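In: Sequence first, predicted model second:
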Amino acid sequence: MKVIWNSEIVERSEVRIDPEDRGYQFGDGIYEVIRAYNKQYFCLDEHIDRFYSSASKIEMHIPYSKEELKELLNRLLVETGVHTGNVYLQMTRGISSPRNHMYPDAAVLPMLTGTMTSVERDADQMSKGIATIVTEDIRWLKCDIKMISLLGNIMVKHEAHKRNAEEAILHRDGIVTECSSSNVAIVKDGKIWTHPDGNLILPGITKIVWKKCAEKLGYPVIEKPFSLDDLYDADEVFCSSTTIEVMPVCKIGNNVLFDQVPGQVTMALQKAYLHEIEKQCGKLK
């Protein structure tokens, strides 16, 4: 399988990662996940912009222009032959020896890697929804940076798995933030509530898209913190991310939100989001 390794497209077997790479030693790096449909990336520009934003927040210089990165990603898509799937793009601060917590000087070059995986769109899951749990948000206070240091996310995601759920809804002192690997929103009386962007959540690309869809559909979006009581009292709940799109929540702990059909607002957003995909990437089968 072909992969990105710095400025080249190479066979995966050719890639070598040094044990003193700062990503390996410190989790000192950033990443993006970008979805492709019909051999076309969806929201590529927005993802690249967020990649650069994450880098700037940790004073990491990206030695490629945005156009160069997009060219690499498009070459990878062509050379892997993936029709529908996800690309994982990662950049670490590079190899620095001896190991030192301080940022290295400018002579240390970042390490860029990218892998493509074929993953079909799970329309069946989107109609059935996912089960969730609620747990404390144990992550750090810079969640707006899409960092490779994801141990807190992994721990709560695994807790959800142990309790036969697909996602963990997180809260800080009773205020809902987001999920282990997605944003979360609630619907009450035809209005959509979601936590505002800031340091406590990742600014979701999918969230940007569904917010525009909601505006076109006439659903007010209120970006304001909401409580666990609001969550449990919601008419509908949905999660959103690059890989799951707009995903209805059918269950929160032992609380069943729906048994057969997701809520009206969620389904309308799903349909509108699919329309946005097809505008960029062509008709989906």
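Out: Here it is on my side, so go on. Numbers count the residues shown, from 1 in each chain.
In: Relative to Met116, how far out is Ser240?
Out: Remark: distance between Ser240 and Met116 (Cβ to Cβ, to the nearest Å) = 22 Å. All C-beta spots, glycine's among them, are computed from the backbone N, C-alpha and C.
In: Could you do Ser181 as well?
Out: 19 Å.
In: show me what contacts the closest residue to Arg172 other than its chain neighbours?
Out: Leaving aside its chain neighbours, Arg172 sits nearest to Asp137 (4.8 Å; criterion: Cβ to Cβ, 6 or more residues apart in numbering). Asp137 makes contact with Val156, Leu170, His171, Arg172, Thr177, Leu200, according to Cβ atoms under 8 Å, 6 or more residues apart in numbering.
In: any idea of the pLDDT on Asp137?
Out: Note on Asp137: pLDDT of 98.
In: now Leu217
Out: Residue-level pLDDT assigned to Leu217 equals 98.
In: And for the one 5 residues further on?
Out: The predicted structure scores Ile222 at 98 on the pLDDT scale.
In: Next: Ala106.
Out: For Ala106, pLDDT reads 86.
In: hang on, the earlier thing: can you lay out the contacts of Asp137 as CSV showing pLDDT?
Out: Conversion of the contacts of Asp137 to CSV gives the following (pLDDT from 0 to 100):
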residue, pLDDT
Val156, 98
Leu170, 98
His171, 98
Arg172, 98
Thr177, 98
Leu200, 98
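In: Looks to me like Ala185 is in a strand.
Out: Yes - per DSSP: H, G, I helix; E, B strand; the rest coil, Ala185 lies within a strand segment.
In: Can you spell out which helices and strands pack onto the helix or strand containing Leu112?
Out: Assigned by DSSP states H and E, Leu112 falls within strand 111-118. In terms of contacts (3 or more Cβ pairs under 8 Å, 6 or more residues apart in numbering; DSSP states H and E), strand 111-118 is packed against strand 2-5, helix 66-80, strand 85-92.
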